[in-house]
Each structure stands twice: as structure tokens, then as C-alpha cells.
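> Mind folding the following:
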Amino acid sequence: MRVKPLFLAMITCSVLQSATAGETQPAIAQKAILTLDSAQRLLRAAQETAHAKGWPCAVVIVDDGGWPILGARMDDAPVVAGIELAQGKARTSALFKRPSADLENAINGARPAALSAGLVMMKGAQPIIVDGQVIGAIGVSADTPAHDDEIALAALATLSRRTAP
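Below you'll find the model as predicted:
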């Protein structure tokens with residue numbers, strides 16, 4: 001007697017369901033994600049800070065994998081390649097889950113091998129952290145590394161104020 005493939009598949013599924021009915025299902029991890037709305041708020045906050053201080057800049061916001069969500073270069077930003085630098089800094093921060101300055105410090109200090117990582121290891125990016133998880137990063141390229149970090153931190157401060165209970 002020949003068993004039809006569809007009937008065999010149905011029996012197999014039924015047997016598998018019965019066998020696992022008493023077992024607990026594995027938990028599926030959930031994580032926060034960086035939404036476009038949040039990225040837009042971060043970008044606006046960074047631009048407002050940069051404008052108020054007179055430091056036109058490029059800003060890029062990336063997700064936890066370092067992929068760009070949103071970016072913009074303000075009029076009169078001093079570095080034409082700033083948008084690429086900001087994106088590279090943000091990607092580095094997201095992937096290493098720390099400020100990009102930490103890696104710049106490693107290169108300038110006792111860890112020059114960090115240069116081989118192939119990322120932009122310059123001050124100016126900060127991870128975006130929600131409930132202890134890095135969900136992305138913001139990278140800034142203005143006129144100085146100190147200004148880059150100040151703009152990024154100011155933008156992050158506005159996001160945390162809006163999401164705080």
C-alpha cells in the first residue's frame with residue numbers, strides 16, 4: 001500500500017504535537033527596538049543642540065546592528081565627509097556597545113591592534129541603551145571631537161526624558 005505524502009505529513013505533525021504537548025516551550029527573547037519616530041526625535045534634538053551652539057554637523061542614527069535608520073548633514077557642516085564619519089562612528093558604537101571614544105582611547109593607549117577592526121574609532125558616538133540593552137547608537141561629526149560627543153549626549157538626554165515614567 002502506498003501512503004500519500006500529504007497524509008504522511010499530517011500524521012507526522014500530529015505525532016510531533018502529541019510528543020511535545022507536555023513539554024514547556026522554549027522562551028523567545030524579546031528586545032526593544034529603535035523606532036523611526038525615536039530616531040527622528042534624536043536627530044532633531046542633536047540638530048537643535050548643534051544649532052544653538054553654532055556647531056553645524058552631520059548626525060546618523062543606527063540600529064543595534066549598526067545599520068542606518070536616519071541621517072542628515074546640516075547646512076554649513078564643516079566636514080563634507082561628515083555624514084560618512086558620523087555613520088561609521090555610530091556603527092562602531094552600536095557594534096561594540098560603548099562610546100566610540102573608548103575605542104579611540106584604546107588605540108591611543110595600550111591597544112593599537114584595535115586599528116585592525118575596520119571601524120571608525122573616533123570620539124563622537126554614543127550607544128542608545130534601553131533597559132540595559134543597546135538598541136542603536138547616535139554618531140555626530142561637527143568640528144571637534146568634544147563637540148561631537150556633547151551633541152550626541154544632549155540628544156540622548158532628551159530621549160530619556162521623554163521615555164522616563
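
> Not counting its neighbours along the chain, what's nearest the residue at minimal distance from the centre of the chain?
Closest residue to the average C-alpha location of the chain: Gly136 at 1.7 Å, with C-alpha atoms, centre = their mean. Setting aside the residues directly before and after it, Gly136 is nearest to Leu34 in space (C-beta to C-beta, 6 or more residues apart in numbering), at 3.9 Å. (Each C-beta comes from the backbone N, C-alpha and C, glycine too.)

> Next secondary structure after the lowest-mean-pLDDT helix or strand in the chain?
The helix or strand of the chain with the lowest confidence, counting by mean pLDDT, DSSP states H and E, is helix 5-20 at a mean of 46. Proceeding C-terminally, helix 5-20 gives way to helix 36-53 as the next helix or strand, assigned by DSSP states H and E.

> can you give me the offset of that following helix from its chain's centre?
When distances are taken as C-alpha atoms, centre = their mean, to the nearest Å, helix 36-53 is centred 16 Å away from the chain's centroid.

> And that helix, what does it pack against?
Counting contacts by 3 or more C-beta pairs under 8 Å, 6 or more residues apart in numbering; DSSP states H and E, the secondary-structure elements packed against helix 36-53 are strand 58-63, strand 68-73, strand 133-141, helix 145-163.

> got the CA positions of that helix in PDB?
The C-alpha atoms that make up helix 36-53 are tabulated as PDB, following Å, rounded to 0.1, in the frame of the first residue of the first chain:
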ATOM      1  CA  LEU A  36      11.900  55.700  13.200                       C
ATOM      2  CA  ASP A  37      10.000  58.100  15.400                       C
ATOM      3  CA  SER A  38      12.600  57.800  18.200                       C
ATOM      4  CA  ALA A  39      15.400  58.200  15.600                       C
ATOM      5  CA  GLN A  40      13.700  61.400  14.200                       C
ATOM      6  CA  ARG A  41      13.400  62.800  17.800                       C
ATOM      7  CA  LEU A  42      17.100  62.100  18.400                       C
ATOM      8  CA  LEU A  43      18.100  63.700  15.100                       C
ATOM      9  CA  ARG A  44      16.000  66.900  15.800                       C
ATOM     10  CA  ALA A  45      17.400  67.100  19.300                       C
ATOM     11  CA  ALA A  46      21.000  66.800  18.000                       C
ATOM     12  CA  GLN A  47      20.400  69.400  15.400                       C
ATOM     13  CA  GLU A  48      18.800  71.800  17.900                       C
ATOM     14  CA  THR A  49      21.800  71.500  20.200                       C
ATOM     15  CA  ALA A  50      24.200  72.000  17.300                       C
ATOM     16  CA  HIS A  51      22.300  75.000  16.000                       C
ATOM     17  CA  ALA A  52      22.100  76.600  19.500                       C
ATOM     18  CA  LYS A  53      25.900  76.100  20.000                       C
END
